[in-house]
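In: just the structure for this:
(chains A and B)
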Amino acid sequence: MSKVRVRFAPSPTGLLHIGGARTALFNWLYARHTGGTFVLRVEDTDQSRNTQEAVDVIFRGMRWLGLDWDEGPDGKGGFSGDRGPYFQSQRSSIYAQYLEKLQSGGRTYEDGGALKFRMPKTPGVVKDLVCGEVTFDRTMEPDLVIRRKDGSPVFHFVNVVDDLEMGITHVIRGEDHLTNTHKHIALYEALGATTPQFAHIPLILNQGGSKMSKRDEGAALGFYEEAGYLPAAVRNYLCLLGWSPGANEEILPVEELIKRFELTKINRSNARFDGDKLFWMNGEYWRSMSDGDFRKFTQEFLQRTRPEASQMDAKMREGLLKIMREKVRTGRELADWMDPYLTEEYEYSAESRKKQFSNPDAAKLLGMLEAGFASLGGGMDEANAEAVCKRIAEEAALPKPAKVIHLLRAAVSGRTVGPSLFALLVVLGIDRVKARLLRTKKLLEAGQLGVTA
RNA sequence: GGCGCUGUCGUCUAGAGGCCUAGGACAGGUCCCUUUCAAGGACCAUACACGGGUUCGAAUCCCGUCAGCGCUACCA
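Out: As a prediction, this is how the structure comes out:
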C-alpha cells in the first residue's frame, strides 16, 4: 500500500475555526498513526479576505495545537516539500493546464462566458470510510461551472487538482462536503486519475445545534489560547468530538491517541461543542502539569496578560502561583486571581462589600486582627495565623472562627474567594497583611466600603 | 422544495443480535470533608425518537414516520 498523504486546506479567514482545527487534528492523527505525510495547503483564492495576518492565524493555531506539518509553507516565507507551491494563489498555471486537459478531452463547454464541466448522468457513488457507500442520482444534476467568467477556476475544480497534484491519498474533511464529493469524483475520472479515499467527519455544532459559526463564543481556536487553556487539553477534547479512544477512557497522552486513532471508528453523527467539559478537562491537565511546565506556562501567560506581575517580588509571585494553582483551571482565571496582589490599591468586590464590610463589627474586628498579627512579632506561619483567628473569634464571642476568617480574606484580598487563606497570609508576609488590614479598616471607617450597585 | 447524512442520559460517548435490569465522562442534585471558592471522596437522578417487521432473542438488522443537521453558488 502506498504511503498515506493527507492534507489540511484552510482558507485564511482571520480565524482558525474550531471545526477546522478538529479537521486538521484528525488529518494529523491519521498521518502520524500511519507514518504518512501531513500537508498544509492554504486556499487563499479569495483575495478580499486574504491578508498576511489571516494566514499567520492559521500557522499560529496549528503550532499552538502541536500539529506539525511535513509539507507546506513554513510560516516564515519559505516552505518544505516538493509538491508546491502550497498557496493556491500561486498555482494558477497548474489550474490552467488542467483546464486545458479537460477542454481537449471534450468534457467542457462555454456558457455565458463561464466554462462548464459536463456532469455524467450516471449514478455517482462515493465510497466513504466513515459514511459508507453513498449513491447520488445525477440524472437531474446540472453541469458544473469550473471556470468563472472572469477566468478564475472555482473551488471544486482547484480542490481536485491540488489533491491530485499533491498525491493526496485520503481526503479527510467535514461532512458538509459529502454531497459535493460525487462531483469531485467525476472530475478525477474525467482527468483519468484514480480517486483518493474519502472520510467525511461529522460537524461540530454550537449549543443551539447548528453548525458552529464564527459568531459563536469559542468558535475560534485563538479564543482558547487567549483564555489560557493548555493546548494538550484542547487537543484531547477535540479528539473526543466524533471519535472515541475506547470505552471509559478520555484523557490520554497524545502518543496514545495517535496509536488508537482509526478513520473507520469515527462517528457519523454531529457533535455539540461542550465548553464546560473542555474547561473541566483543562483543569485535569492543569493539575497534572509538571512544575517546570507550569512555571513556563504561567510566566509566558502573565507576561502577556499581566506584565505588571514581573515587578512583583519574585518570592511572593512564586508563592502565589503555587497556592493558586490547585484552585484554578486556566491561565485567565489565574491572572484574574493575581490582580489583588499587583498593587496595594486593590479593589474590593461587590460581594465582599455586601457580605463582609456591611457587618457593623467589621472595623473593630479588623483592628483586633491587626493587633493579633502584630503580637506575632516577625514570624508567621499557617499554624499561628490560624491560632490568631481562633483567638479573636473567641474574644469577640463569635460562634465560629469562620466569621473572622472570611472577613480577613475580604480585607487582605478584596475578594470572597481565593487561595487557601492561611497559606495566602504566609505568602503575603506579616507586614503586608498588617498594612492591608489597616488600609481596609481606614476605608471602612471613612465609609468607602459600602455596598455598590 | 429536492438530495444526502444522522437519531443511546441535558451534553460527549461505550455498545458492531444474547455479556445491557444499557457502561463511562461533563453538567445537575444530595451527603462527607471543610476556612470561602475549588479540589477530593460517597451516593442519586436522567437515555436506546416513534411505529412496524426479521429473529428463540434487537439499542444493535430491514422498512416507514418524525426530528435534527448538511448540501443544493460563476463562496470556500
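In: which positions in stretch A:4-15 come out as buried?
Out: Residues of stretch A:4-15 classed as buried under the neighbour-count rule (16 or more other C-beta atoms under 10 Å) are A:Val4, A:Arg5, A:Val6, A:Arg7, A:Phe8, A:Ala9, A:Pro10, A:Ser11, A:Pro12, A:Thr13, A:Leu15. Glycine gets a C-beta too; all of them are placed from N, C-alpha and C.
In: over to stretch A:143-153?
Out: Residues A:Leu144, A:Val145, A:Ile146, A:Arg147, A:Pro153 are the ones in stretch A:143-153 that count as buried (16+ other C-beta under 10 Å).
In: what of stretch A:244-259?
Out: Within stretch A:244-259, the residues scored as buried using 16+ other C-beta under 10 Å are A:Pro245, A:Ile251, A:Leu252, A:Leu257, A:Ile258.
In: phi first, then psi, for the third one.
Out: Right, A:Leu252. phi -140, psi 150 (degrees, to the nearest 10).
In: do the same with the first one
Out: Main-chain torsions, A:Pro245, degrees, to the nearest 10: phi -70, psi -10.
In: and the closest residue to it other than its chain neighbours, what pLDDT?
Out: Distance criterion C-beta to C-beta, 6 or more residues apart in numbering; nearest residue to A:Pro245, sequence neighbours excluded, is A:Arg260 at 4.8 Å. Note for A:Arg260: predicted pLDDT of 94.
In: dump the residue contacts of A:Arg260.
Out: A:Pro245, A:Gly246, A:Leu252 (C-beta atoms under 8 Å, 6 or more residues apart in numbering).
In: cool, and A:Pro73?
Out: A:Leu40, A:Val42, A:Val55, A:Phe59, A:Phe79, A:Tyr86, A:Phe87.
In: now do A:Phe373
Out: Contacts for A:Phe373 were tallied using C-beta under 8 Å, 6+ apart; they are A:Met380, A:Ala385, A:Val388, A:Ile430, A:Val433, A:Lys434, A:Leu437.
In: narrow the residues you listed to those that are buried.
Out: Among the contacts of A:Phe373, those buried by neighbour count (16+ other C-beta under 10 Å) are A:Met380, A:Ala385, A:Val388, A:Ile430, A:Val433, A:Lys434, A:Leu437.
In: so which of those are in helices?
Out: Mapping the buried ones among the contacts of A:Phe373 onto helices (DSSP state H) picks out A:Ala385, A:Val388, A:Ile430, A:Val433, A:Lys434, A:Leu437.
In: pLDDT value on the first one, please?
Out: In this case it means A:Ala385. pLDDT for A:Ala385: 89.
In: ok, the third one next?
Out: Residue-level confidence at A:Ile430 comes out at 91, pLDDT.
In: I'd say it and A:Leu376 touch.
Out: Yes - contact criterion C-beta atoms under 8 Å: A:Ile430 and A:Leu376 qualify, at 6.3 Å.
In: up against RNA strand B, what does the stretch 51-200 of chain A have?
Out: Within the stretch 51-200 of chain A, the residues that sit near RNA strand B (C-beta under 7 Å from any atom of the strand) are A:88, A:111-114, A:131-132, A:134-137, A:140, A:142, A:145, A:148-150, A:152, A:154-156, A:175-180.
In: of those, keep whichever come out buried.
Out: The buried subset of these - by 16+ other C-beta under 10 Å - is A:Gln88, A:Ala114, A:Cys131, A:Val134, A:Phe136, A:Val145, A:Val154, A:His156, A:Glu175, A:Leu178, A:Asn180.
In: who touches the residue of chain A positioned farthest from its centre in this structure?
Out: Distance from the centre of chain A peaks at A:Glu395, with 51.8 Å (C-alpha atoms, centre = their mean). Contacts for A:Glu395 were tallied using C-beta under 8 Å, 6+ apart; they are A:Met368.
In: now A:Gly292
Out: By C-beta under 8 Å, 6+ apart, A:Gly292 has no neighbours at all.
In: now do it against A:Gln299, distance only.
Out: Note on A:Gly292: its distance to A:Gln299, by C-beta to C-beta, to the nearest Å, is 11 Å.
In: again, but for A:Gly132
Out: From A:Gly132 to A:Gln299 the distance is 50 Å (C-beta to C-beta).
In: show me what contacts the residue of the stretch 1-150 of chain A found nearest RNA strand B?
Out: Nearest residue of the stretch 1-150 of chain A to RNA strand B: A:Gly112, at 3.0 Å (C-beta to the nearest atom of the strand). Going by C-beta under 8 Å, 6+ apart, A:Gly112 touches A:Lys149.
In: give me the pLDDT for it.
Out: Looking at A:Gly112, its pLDDT stands at 91.
In: the most centrally placed residue in chain A is in what secondary structure piece?
Out: Central residue of chain A (C-alpha atoms, centre = their mean): A:Tyr224, 3.6 Å from the mean position. Here A:Tyr224, judged by DSSP states H and E, is contained in helix A:221-226.
In: helix or strand next in line after that helix, which one?
Out: That would be, after helix A:221-226 and using DSSP H and E, helix A:231-239.
In: now, which of the contacts of A:Phe373 sits nearest RNA strand B?
Out: Using C-beta to the nearest atom of the strand, A:Ala385 comes nearest to RNA strand B of the contacts of A:Phe373, at 8.1 Å.
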